[in-house]
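Colleague: Kindly return the folded structure for what I paste below:
(3 chains)
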Amino acid sequence: MFPPSFDYHRASSVSEALSLLAELPDATLLAGGHALLPRLKNGRAEPGAVVDVSELPELIGVDVGSEATVVGAATTYATLLETGTEAGDADEESDAGGSVGDPTAGRSVLEQHAPAFLEATRAVGDRQIRNRGTVGGNLAEAHPESDLPAAALVADASVRIRGSGGEREVAVEEFLTGAFESAVGDDEIVTAVRIPHVDGWDGSNGGDAEENGSDRNEPTVDNGGAYVRKTHPTSGYAMVGVAVRVGIDDGVIASARVAANGVADTALRLSSVETALEGIDVTTEGVGERVTAAVENAPADVPEATRRGDVHASAEYRVSVLPTYVERAVRAAVDSTEAGSDGGPDSVGDSAPDSDSGRNGRRDQQGGEPR
Amino acid sequence: MSEHQISLTVDGERETLTVEGRTLLVHALREDLGVTAPKVGCETSKCGACTVELDGDVVKACTVLAVQADGKTVRTAASDTEDDVRSVVTQQFHEQHGLQCGYCTPGMVLTAADLLRENPDPTPSEIRASLKGNICRCTGYTNIVRAVESAASELEGTAAVAGDGGKTAAVDGSAPEGDD
Amino acid sequence: MSDAESADAGAADPSEHDQEAVDEDADTDAYTGSGEKRREDAALLSGRAEYTDDREPPGTVHLAFVRSEHGHADLEEIDTSAAEAMDDVLGAYTWADVEASPSPGRLQPPGLDRDVPAHPVLATDRVRYHGQPVAVVVAEDRYRARDAAAAVDVEYDPLEAVVDPETAATDSEAPRLFEAAPDNIATTAELGDRDATEEAFAAADRTVSIDLENNRLISSALEPRAAIGEFDPDEGFTVTVTSQSPHGHRRKLAHTLGVREGEVRVVSPRVGGGFGHKGHHHPGEAMAAWCARELEVPVKWTATRSGNYLEGAHGRDHRTTAELAIDDDGTIRGLRAETYASVGGYGLGSGARMPVRYGRLLSSQYAIDAIHCETRAVFTTTAPIHSYRGAGRPEAIYVTERLIDVAADELGLDPVELRRRNLISPEAFPYETPVGATYDSGDYEPAMDKALEAIGYDERTDATGADDGRLRGVGIANYVESTGGGFESGLVRVLPDGDVAVYAGTHSHGQGHETTYAQLVADALERPIDRIQVSEGDTAAIPTGTGTFGSRSTIVGGNAVVESAEKVLAKARRIAATELGVDSAQIGYEDGTFAVSGANDSVSAEAVSGADETVSFEDIADTAYGWGLPDDLEPGLESTTFYDLDGAAYTFGTHACVVAVDPDTGDVELERYFAVDDCGERVNPLIVEGQVHGGVAQGIGQARYEQVAYDDDGTLLTETMDSYGVPRAADLPSIETDSTVTPSPLNELGVKGIGEAGTIAAPPAVVNAVCDALDITHVDMPLTEEHVWRAISDQNEE
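Modeller: Now for the predicted structure:
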């Protein structure tokens, strides 16, 4: 379990890293190391050169803009959790107008716009790994059981990739091309992950904030999200992980994003579930049954050929329990909205998501350790 | 194969050495510098026996290249326990019989202290979740959890952990409890 | 020995001393029985403690293995030339090199029915498991050794593999591993009386049966095995090795290397967990020593995690069909079991014979008239099997404790009630079982009741505890554990200043002997504990001993050091008598002071204040090594005991747990786990509790997460901790404990071993609880989400 020999280069800038990737034979990128180093040690990778971009300032940081939050690719999970959860000015403003018990009170911009992404980040690895591993590295590795890809999908996130020809932005859905395969080319670098802020009932983003003068740091819809996972019995990755984002309009699910990882070669959107969820009134009797019915067809969203399993948890099992985890994630997401937190007669509030950090049943709820 | 001269501070000592690009930090510490407190257990970032603090953050030294530690400060469990948190944690591991063979212990203690600096009053389940990256095959963890709990109680009375440990509530990822 | 004998000759009546020892136990100042904090902790906590890999003699070079990529294959060609041509590579060796050397190069023979070759240190012409060592390379450092190993080119001709022991033994199409074992059966064994058992089954009202798989496990000590071989032409070999049994390794290494035991010194520094596999002899330490002689430099081998997992030894891996003959009133009449136990690709030492004896605990805690157990130990193309914490005991108790729950279900009886009706009564001890075990002492019902009360057994309901949709279940398991086999050495040496050096042939690797033995000797000598030092792990310094495994150290090692301390004290008393000019019978001793005592009353501090009538322990120590000893006394103040228990001491107890099963996902949460163990007197309750915790954690690991998996080609799929499920903190509940105390009559201290209790009791307790929750008769371990979910699905289909 020792890496084979390679040349190590520490790039001083992204453009230098790009030149090194182009010039050096069999060069590969190194950031947090938690994808590359294990593969080097077990003989699955034998690069001629390793280009270290882990400390490039231009790749590190969380930039909260008016329309989107941009996370530098080499930002560690820990840094994202630290800065991404700092309540900003926007929150103070929303506090002023918020009612007592407003679930958005005191939440940071990312917590309001992409709560599932933060929950998934919290669920990654362990303390040590979160201190070292990077957000961009996670997506670039395209590990089928990793937590972030599904959460990035429901956040409508995109990945910024720079190559010699300039920078392009690829939606996460197109970015993830297969197990351990992504759209980033051999001589390209993932520079950032862009998480758009929620705007409009359809959950889409990209409207021109300045034009209508709205403050995009605050969602214009009743937005909620959750990430629920079952930890793999040995690897500590997600055996099944489900990320959900819902937008509620007048008590009705106006938009839904549902994505899963662990069940297929790539994280993927469960579009039939999304469609079935839309229109459900979460404030009336019978919401539980309606959600249960809506998630029933989740397996149909996972193409047979891409299903994934191993000796500990077969593909058949993972897909079979997928609806259960989807349901729990949906309920948790609804509960995190203003409408859902009102707790009607048929509140979904008792539906504890059974995500955990270990495997001892539901001992630990929600992804990762509480901070 | 590239070779690199690196300088780093290890447990208060300034060290300069030459490493290959591929040399893992844990091997540079153990083989080149004779700093053997961090252990090699699993080699796949699972067990945490190699845990060290790198510029104050706990990391797994089997998954960091030595050359990446150039210019940085490494602290192992063998360093002076100048901070109260770790010395109290260490003492409580002894008091609560939180170790048997001792092989996981240097890493376990560093991670436990790191948790308490961030969250001075963790629940048992938070403690267990926080130790996910540190495997102990001997104790069954029951006494390790006890040790961390009693360290937390002991530290509670002291002002040592005031710092910025107080902002935990706001960043709890779970949905707020409905109070109506 | 003459020293010991002379000390014996002067000893006071041993029975009298027994009484004293018991009185001391009641003394609140006694170390024995107190939760003395461990003395070894300071070095371990600071990271100062030295394990094998932390040592690096000057000039050390590094060894790496080239391992078989196939589960079963003929070796066509091994080309080491590219490796040898590399810079900083000192050598590359294959079986041909070993064969040409003075060393026989085969690990100790397994002693099987079939005359098959013993495990070679490097593969001869065929590999019989994935990861079997094929060649070694030695280079200046680990990285270059890795490069050299990668440069060795091996050509294989793959053969068909067989990984399941029952298939290997019963399928006529199964590939054959050895010519001498045409049906792959290495050895067969029978325990108990077949005819009597058949009669019992014929007479009983009913029979219930069960098919069980006892899953293959890896001990997974966090420290991988390692060794440093050094060779001096004048002094022979010094092998520093991660050992549970330094003297065992000395003997085995001498065999493999083809030298006399006197030519091998084995040193074992701190050891980072063992659980069995550091008691076995593997090619690693042999090749480190062999290469050290070839190259005349210290050679270090440290297993990688995957190397450790590939070469094993693994544990368990039984397939058993078992039946219970039972009357409608719940009386168990008979039990029979037929077991296929995997040996692996080679018999690794005594590991291959483990299955022969496993059935000796099949009676568990019950009075069963007739038991018959037939075992076939079978070669499979997998890593060798050897002892892993429990070593046959968990396999046996699992059979019986599962069968009883199945029978209870069949009879409609409460499983606790069924157990209660069949418990061996406390008056029946010593109790001889039909499978050849003689239980020394026991009082089973109080321990069981304690566990039941703690877990709230009588108040349990089938309804879910909280209305969360999960199914609750309660499971209990009773167990017995045989402890204390073999002899052990204990040397107590008083130094001239009165310090006491204790040496034992056991070797602590987490068990806290430095503390436990110090407590025992401090009490026996009435000395402050900080004047006692305990050493283990160097064959050059320590009388030949056996080692630490099989829950044996406190019982045999502890009694050995106590007996030596008593002999030392007897001799000290004789010296004191000479000094004080009286008969040794008139010498009293308390808290480090010898005094002339009255005829009958015991000595008190006040009574011994007269200057001429007392002498201190330190003074006696000084005298023992000085001038002026009477002619009939040898100088020196030390004694060695080779302690051998007459029989085995049977620890017992009841473990109970509560589970919550998510019917939608198969997810299992252990909500409570409560262990009541009776290991007789507890020298250090803190350490005993720690042993229970650790054993239970590993038992839960077997029940819920751990499973070695091979594919059909014999490729190991669980090569690292990514794929082999060692439990983490969040995977386990807080383990609660309690005790009862039924002393063993077989030894002065009244102790029994405790190291393996948890691995024995936890698997059936957990499986019983899950079966109770789901209302099913059986589900095989490990109870992964999928296994449980499938059990639920199967049940729904019925």
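Colleague: does stretch B:53-65 come close to chain C?
Modeller: No. Under the criterion of Cβ under 8 Å from any Cβ of the partner chain, stretch B:53-65 makes no contact with chain C; the nearest approach is 10.1 Å. (Glycine included, C-beta is placed from N, CA and C.)
Colleague: isn't C:Y93 right next to C:C291, touching?
Modeller: Yes. When contacts are counted by Cβ atoms under 8 Å, C:Y93 is listed as touching C:C291 (7.1 Å).
Colleague: more neighbours, those two?
Modeller: The neighbour comparison of C:Y93 against C:C291 (other Cβ atoms under 10 Å in any protein chain shown) goes to C:C291, with 27 against 24.
Colleague: average model confidence for the strand or helix carrying the more buried one?
Modeller: Under the criterion of DSSP states H and E, C:C291 resides in helix C:283-295. The pLDDT scores in helix C:283-295 average 98.
Colleague: just stretch C:634-648 next, same as before
Modeller: Across stretch C:634-648, the average pLDDT comes to 96.
Colleague: start to end distance for that stretch?
Modeller: Stretch C:634-648 has an end-to-end distance of 36 Å (criterion: Cα to Cα, to the nearest Å).
Colleague: hmm, back to that, ok, the helix holding C:C291 near chain B or not?
Modeller: No. Helix C:283-295 lies out of reach of chain B by Cβ under 8 Å from any Cβ, never closer than 15.4 Å.
Colleague: What's the first helix or strand after that helix?
Modeller: Following helix C:283-295 in sequence order, the next helix or strand is strand C:299-302 (DSSP H and E).
Colleague: still on that earlier bit, contacting residues around the helix holding C:C291?
Modeller: Helix C:283-295 is contacted from outside by C:61, C:63, C:65, C:90-91, C:93, C:97-98, C:101, C:103, C:105, C:107, C:119, C:121-122, C:133, C:136, C:138, C:225-231, C:237, C:239, C:241, C:249, C:253, C:256-257, C:264, C:298-301, C:303, C:311, using Cβ atoms under 8 Å, 6 or more residues apart in numbering or on different chains.
Colleague: among the residues you listed, which are in strands?
Modeller: Mapping those onto strands (DSSP state E) picks out C:61, C:63, C:65, C:90-91, C:93, C:133, C:136, C:138, C:226-231, C:237, C:239, C:241, C:264, C:299-301.
Colleague: which residues in the stretch 551-700 of chain C form strands?
Modeller: Ranges of strands in the stretch 551-700 of chain C, per DSSP state E, counting those that start in this stretch, are C:587-590, C:593-596, C:614-616, C:638-644, C:649-661, C:668-678.
Colleague: any chance of the ones you listed in CSV, with mean neighbour count and distance to chain A too?
Modeller: Compiled in CSV, the strands of the stretch 551-700 of chain C are given as follows (neighbours: other Cβ atoms under 10 Å in any protein chain shown; distance: least, Cβ to the nearest Cβ, whole Å):
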stretch, mean neighbour count, distance to chain A
strand C:587-590, 20, 52
strand C:593-596, 22, 55
strand C:614-616, 19, 54
strand C:638-644, 21, 42
strand C:649-661, 29, 6
strand C:668-678, 25, 2
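Colleague: hang on, the earlier thing: what do C:Y93 and C:C291 both touch?
Modeller: C:V136, C:V138.
Colleague: quick check: mean pLDDT across stretch B:93-102?
Modeller: 98.
Colleague: ok, how many other residues are close to the closest residue to chain B within the stretch 201-350 of chain C?
Modeller: Nearest residue of the stretch 201-350 of chain C to chain B (Cβ to the nearest Cβ) works out as C:G272 at 3.1 Å. By other Cβ under 10 Å, 30 other residues sit near C:G272.
Colleague: was I right about it contacting B:Y103?
Modeller: Yes. Using Cβ under 8 Å, C:G272 is in contact with B:Y103, at 3.1 Å.
Colleague: Contact residues of the stretch 201-350 of chain A facing chain C?
Modeller: Contact residues, the stretch 201-350 of chain A versus chain C (Cβ under 8 Å from any Cβ): A:230, A:233-236, A:239, A:310-314, A:317, A:320-321, A:324-325, A:350.
Colleague: go with 10 Å
Modeller: Contact residues (Cβ under 10 Å from any Cβ of the partner chain) of the stretch 201-350 of chain A with chain C: A:230-237, A:239-240, A:309-314, A:316-318, A:320-321, A:323-325, A:327-328, A:350.
Colleague: Inside helices: which ones of these?
Modeller: A:E316, A:Y317, A:R318, A:S320, A:V321, A:P323, A:T324, A:Y325, A:E327, A:R328 (DSSP state H).
Colleague: okay, now the domains of chain B?
Modeller: Residue ranges for each domain of chain B read B:3-75, B:84-159, as given by automatic domain parsing.
Colleague: so where's chain B uncertain?
Modeller: B:158-180 (pLDDT under 70).
Colleague: now the strands for it?
Modeller: B:3-10, B:13-20, B:51-54, B:57-60, B:73-75.
Colleague: which one of the ones you listed is the most hemmed in?
Modeller: Most buried of the strands of chain B, by mean neighbour count (mean count of other Cβ atoms under 10 Å in any protein chain shown): strand B:57-60, with a mean of 29.
Colleague: Direction included, what does that strand pair against?
Modeller: Sheet pairing for strand B:57-60, assigned by DSSP bridges, gives strand B:51-54 (antiparallel).
Colleague: Just the CA trace of the partner strand, in PDB.
Modeller: The C-alpha coordinates for strand B:51-54 follow below in PDB (Å, rounded to 0.1, in the frame of the first residue of the first chain):
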ATOM      1  CA  THR B  51      -4.200  11.100  12.600                       C
ATOM      2  CA  VAL B  52      -2.100  14.200  13.100                       C
ATOM      3  CA  GLU B  53      -2.900  17.900  13.300                       C
ATOM      4  CA  LEU B  54      -1.700  19.700  10.200                       C
END
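Colleague: Fine by me, we can end here.
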